[in-house]
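Q: Sequence and predicted structure are below.
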Amino acid sequence: MNFPLFRNLLLVVAVTSLVACGGGKTVVESDLKIKSAPDWVNEGTNILSTKDGRLFHGIGSATPMGDTELQRSTAENRARAEVARILSSYMDVVAKDYSAAAKVGDNAEVQQSVSRSIESLTQVNLTGVRIIANWRSDKDGTIYSLAELDMRHMKDILKNVQDMNEGLKAHFVENADNLFDSIAVKK
């Protein structure tokens with residue numbers, strides 16, 4: 001087999017798949033379908049635009065482990081980790097939009113600065129993640145936790161971040177809501 005040809009074909013398929021997936025709203029379909037569970041358990045981790053604001057929701061779960069407090073703590077930590085994961089993905093979208101708008105894609109130093117800024121902002125914002133719900137399944141004893149980060153909190157934190165790329169910071173302030181709305185599920 002011609003390896004370079006195969007690699008290029010694989011690259012075309014991958015890029016086409018990403019482009020096809022990138023245009024619409026993010027809708028998380030849960031395969032849990034737990035009839036007695038609250039809606040948030042079955043909806044799963046999500047980026048939501050609601051009447052209460054722009055929200056990052058992460059769902060974590062833990063099966064029984066002999067210690068209920070340890071089980072709950074594990075579910076809550078996993079929910080926080082889900083918020084961190086989707087926040088990081090969201091910030092990647094912001095950074096790519098900034099890079100495209102500022103035409104800094106070829107400037108490695110600026111790209112590295114932007115990457116450090118995203119990592120710092122993600123870590124700082126995890127302090128604002130709240131556990132807003134827990135639910136225990138009567139069927140198997142699994143505990144589910146819902147963690148939430150509000151975009152307003154994220155913006156407040158951003159104002160005090162000192163080591164963030166100034167261009168990215170300005171771009172975030174100006175475009176964060178529109179970028180959020182372009183990928184959020186409306187509720």
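A: Yep, that arrived.
Q: For residue 98, pull up the helix or strand it's in.
A: Using DSSP states H and E, residue 98 maps to helix 68-102.
Q: Next, the buried residues of that helix.
A: By 16 or more other Cβ atoms under 10 Å, the buried positions in helix 68-102 come out as 71-72, 74-76, 78-80, 82-84, 86-87, 90-91, 94-95, 97-99, 102. C-beta here means a position set from N, CA and C on the backbone, and glycine is covered the same way.
Q: Likewise for stretch 140-149?
A: Buried-residue list, stretch 140-149, by 16+ other Cβ under 10 Å: 142-149.
Q: three-state assignment of residue 60?
A: strand (DSSP: H, G, I helix; E, B strand; the rest coil).
Q: give the contact list for it.
A: 74-82, 144-145, 147 (Cβ atoms under 8 Å, 6 or more residues apart in numbering).
Q: Mind doing that once more with 10 Å?
A: 45, 74-83, 131, 134, 143-147 (Cβ atoms under 10 Å, 6 or more residues apart in numbering).
Q: Next: residue 68.
A: Residue 68 neighbours (Cβ under 10 Å, 6+ apart): 136, 141, 143.
Q: Please list the members of those residues that lie in strands.
A: 136, 143 (DSSP state E).
Q: Tell me the one of the contacts of residue 68 nearest residue 39?
A: Using Cβ to Cβ, residue 136 comes nearest to residue 39 of these, at 16.1 Å.
Q: What does the pLDDT read for the residue nearest to that closest one when sequence neighbours are not counted?
A: Nearest residue to residue 136 in three dimensions, chain neighbours excluded: residue 143, at 5.0 Å (Cβ to Cβ, 6 or more residues apart in numbering). Looking at residue 143, its pLDDT reads 97.
Q: cool, and residue 169?
A: 80.
Q: Okay, and residue 55 sits in which element?
A: Judged by DSSP H and E, residue 55 forms part of strand 53-62.
Q: Direction included, what does that strand pair against?
A: strand 46-50 (antiparallel), strand 143-150 (antiparallel) (DSSP bridges).
Q: Can I get those in TSV including distance to residue 160?
A: Listed next are those as TSV, based on distance: least, Cβ to Cβ, whole Å:
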stretch	distance to residue 160
strand 46-50	24
strand 143-150	16
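Q: Worst mean pLDDT among the ones you listed?
A: When the strands paired with strand 53-62 are compared by mean pLDDT, strand 46-50 comes last with a mean of 91.
Q: Tell me what angle that strand forms with helix 68-102.
A: Going by axes from the mean of the first three to the mean of the last three Cα atoms, to 10 degrees, strand 46-50 is angled at 80 degrees with respect to helix 68-102.
Q: Next, the buried residues of strand 46-50.
A: By neighbour count on 16+ other Cβ under 10 Å, the buried set for strand 46-50 is 46-49.
Q: for the chain, what are the low-confidence residue spans?
A: 1-32, 104-125 (pLDDT under 70).
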